[in-house]
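Novice: can you look at this prediction? I've put the sequence above it.
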Amino acid sequence: MGETLLDRLRALSSSPDPRPVRAKAAADTIHAQTRARWIGIYTVTDHLVSNEAWSGPTAPTHPTFSVNQGLTAHAIATRAVAISNDVEHDPRYLTNQHDSGSELIIPIVVNSRVVGTLDIEDHQLGAFDGAAIARYETLAAALRALWAYQPHQDQSVPTI
């Protein structure tokens, strides 16, 4: 992972633009510089997970879903990475555009609360090992600023 990708994500995440604009730019940047099939950035509330932005072939099949569904439910409940290296055989997987490959969900925690997730889908089975997970965790940490308070936006999560 080049520092330029991480620096770019930090700058995008903390720019004065509205969160959807920053999230879309971040998703596009990650997608362009990785081999991921699909990148999604989601906001988590008490009851719902909502897509802020995506970068990939088409829009997400589930733009909003319950915090109790899919791999995301595990990531939220445990505040730990959720991995499926074979989504076709994983009953937790909410099918997006494909029913094969791998998925990685990284919770984004601000002030002890899961406020978002970074969702990565890969074409390959077994795509996410220790090095890949660590890489995406570093990128997800740079996205925390997306949920930092900005006076011109109505956001429920205070500054980091």
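Specialist: Structure received. Small disclaimer: the values here were computed from a predicted structure and weren't measured.
Novice: going forward, measure contacts and count neighbours with C-alpha atoms only.
Specialist: Will do.
Novice: give the bridge partners for the residue most central in space within the chain, please.
Specialist: Closest to where the C-alpha atoms of the chain average out (C-alpha atoms, centre = their mean) is Leu118, at 1.1 Å. Going by DSSP bridges, Leu118 is paired in beta bridges with Ile41, Ile106.
Novice: and the pLDDT at it?
Specialist: If you check Leu118, the pLDDT there is 97.
Novice: identify the residues contacting it.
Specialist: Residues in contact with Leu118 (C-alpha atoms under 8 Å, 6 or more residues apart in numbering) are Ile39, Gly40, Ile41, Tyr42, Ile105, Ile106, Pro107, Ile108, Ala140.
Novice: buried ones from the residues you listed, can you make that a ChimeraX selection?
Specialist: The buried residues among those can be selected in ChimeraX (16 or more other C-alpha atoms under 10 Å) with this line:
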select :39,40,41,42,105,106,107,108,140
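Novice: need the contacts of Leu118 in CSV with pLDDT, can you?
Specialist: What follows is those, written out as CSV (pLDDT from 0 to 100):
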residue, pLDDT
Ile39, 95
Gly40, 95
Ile41, 97
Tyr42, 96
Ile105, 93
Ile106, 97
Pro107, 97
Ile108, 96
Ala140, 96
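Novice: and of the contacts of Leu118, the nearest to Leu9?
Specialist: Ala140 (9.1 Å; C-alpha to C-alpha).
Novice: tell me which element that closest one is part of?
Specialist: For Ala140, the element it lies in under DSSP states H and E is helix 130-142.
Novice: list the buried residues for that helix?
Specialist: Result for helix 130-142 [16+ other C-alpha under 10 Å]: buried residues Ile133, Tyr136, Glu137, Leu139, Ala140, Ala141, Ala142.
Novice: ok, back up a step: how about the contacts of Leu118 in TSV, adding distance to Ala77?
Specialist: Formatted as TSV, those follow (distance: C-alpha to C-alpha, whole Å):
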residue	distance to Ala77
Ile39	21
Gly40	19
Ile41	18
Tyr42	15
Ile105	12
Ile106	12
Pro107	10
Ile108	12
Ala140	17
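Novice: between the contacts of Leu118, which is closest to Gly126?
Specialist: Nearest member of these to Gly126, counting by C-alpha to C-alpha, is Ile105, at 14.3 Å.
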